[in-house]
Each structure stands twice: as C-alpha cells, then as structure tokens.
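*Asks:* below: sequence and its predicted model.
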Amino acid sequence: MPIRVYLNDHAAFQPDEIDAMSRALEETCRALHINGQTQDRETIAARIVDLAGNGIIDAAMLRDRVLVETKALQRP
C-alpha cells in the first residue's frame, strides 16, 4: 500500500519522492514482518515521512535508517 494514506499534505512531496517513500515503507515492513494496516505500520510510515521531510528521499536510505532505529529500540 502506498504511503499516501499516511500523508497529511500530499503537495509537500513530488510524485517520485512519494514513490521512494512508498518503496521504503513496503521494504521496511517486509523486513520487520509487518503485514496489513497496523499501528506499527503507521508508526513506520510517520517516521519515513519525517525523515523525507528532513531531506532523506532515497528509498534504501529511508529503509535502512528506520531498520537501524527499530533495532536500537529492541535492545534490552
């Protein structure tokens, strides 16, 4: 599912940026075994939108950044 459903302001991003964010969302959720519309997916989408709003637009960079942050949170 595209990230558009989680964007409050579609006009803030170009179509290619939205595509990159959507790829990052799908790849991140796949890596974390998150399926369907869940709170976790919404949280990941919000983080991706936040990072993109701060200039990180590359799908792989977005995915990797969120995965690193998620793993840091899971440490005891």
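*Replies:* Thanks, I have it. Numbering: from 1, shown residues only.

*Asks:* just the buried positions in the helix or strand hosting R41, please.
*Replies:* Using DSSP states H and E, R41 sits within helix 39-53. Going by neighbour count (16 or more other C-beta atoms under 10 Å), the buried part of helix 39-53 is 41, 44-45, 47-49, 51-52. Where you see a C-beta, it was placed from the backbone N, CA and C, and this is true even at glycine.

*Asks:* pLDDT weak spots in this structure?
*Replies:* Applying pLDDT under 70 to the chain picks out residues 1, 10, 75-76.

*Asks:* which residue lies nearest the spatial centre of it?
*Replies:* With distances taken as C-alpha atoms, centre = their mean, I48 lies nearest the centre of the chain, 3.4 Å away.

*Asks:* residues touching that residue, list them.
*Replies:* 3, 21, 24-25, 28, 62, 66 (C-beta atoms under 8 Å, 6 or more residues apart in numbering).

*Asks:* coming back round to it: name the nearest of the buried residues of helix 39-53 relative to P15.
*Replies:* A52 (13.0 Å; C-beta to C-beta).

*Asks:* F13 is in contact with that closest one, correct?
*Replies:* Yes - counting by C-beta atoms under 8 Å, A52 does reach F13; the two are 6.6 Å apart.

*Asks:* joint contacts of these two?
*Replies:* Contact criterion C-beta under 8 Å, 6+ apart; residues shared by A52 and F13: M21.

*Asks:* where does C29 sit, in terms of helix or strand?
*Replies:* Using DSSP H and E, C29 falls in helix 15-31.

*Asks:* sweet, I'm off.
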